[in-house]
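In: fold the following, please.
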Amino acid sequence: MAVTSSAPISITDLVTEFGGSTPHALTEYYRGGSLVPNTTTNASVPTSGAISLTDFFGSSSVTNWTTVVTVGVVSGFFTQSGFSATAFGSLSDTTVDFLDGTPTVSRIEFASISQSPIFFKINGSENTGWTSIQIGSLTLAKSSATSFSDGLWRWDSQSNPFGSDGTETTVVLTQ
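Out: Residues are numbered from 1 along each chain as shown. Model prediction:
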């Protein structure tokens, strides 16, 4: 859930959403600290300095990253659908803000080859801190993927979760 988006708001709302130790103080709830994730959803919560309850309107302990793929399709020896940074499709947001560093997604695609794989690639991260990816209505657990070097994840024997060329598919990465 998320903290209320309007008044009234109390420290109890923060404790319910983020936890914490008694006695509670606003300073234990800085963004990027041990309780409040450093995500776009929590952008109004300061990382230091002056802090007030109203900074927390709409903030959340949930650390999902959501983007929309404008599907691209390319054909050659086989057909690829989805997004590849240098070849086809596009993303509404390429930066996964809940992972360390400045990780960017460069590939979310399905390939119509014998293994029917889905590929997911993050650049600039240790690839820790996420557990699953949902592409449209298909959810894939990180633990069931085969990890390749350089941040590339692969799931074989899949169906194409993307629509046709130019359609949009929502992708959610969950911590």
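In: how near is residue 17 to residue 73?
Out: Look at residue 17 and residue 73: by Cβ to Cβ, to the nearest Å, they are 41 Å apart. From N, CA and C alone the C-beta is placed, and that goes for glycine too.
In: and what of residue 60?
Out: In terms of Cβ to Cβ, residue 60 sits 35 Å off from residue 73.
In: also residue 18?
Out: According to Cβ to Cβ, residue 18 and residue 73 sit 42 Å apart.
In: what's the average pLDDT for stretch 38-53?
Out: In this model, stretch 38-53 has an average pLDDT of 90.
In: ok but residue 169 is inside a strand, no?
Out: Yes. Per DSSP: H, G, I helix; E, B strand; the rest coil, residue 169 lies within a strand segment.
In: what about it, how many residues nearby?
Out: If you count neighbours by other Cβ atoms under 10 Å, residue 169 ends up with 21.
In: how about it, what does it touch?
Out: Counting by Cβ atoms under 8 Å, 6 or more residues apart in numbering, residue 169 touches 68, 69, 71, 82, 135, 136, 161, 162, 163.
In: partner strands of the helix or strand of the chain with the lowest mean pLDDT and their direction?
Out: In the chain, no helix or strand scores lower on mean pLDDT, DSSP states H and E than strand 146-148, which sits at a mean of 77. Strand 146-148 pairs in its sheet with strand 152-155 (antiparallel), by DSSP bridges.
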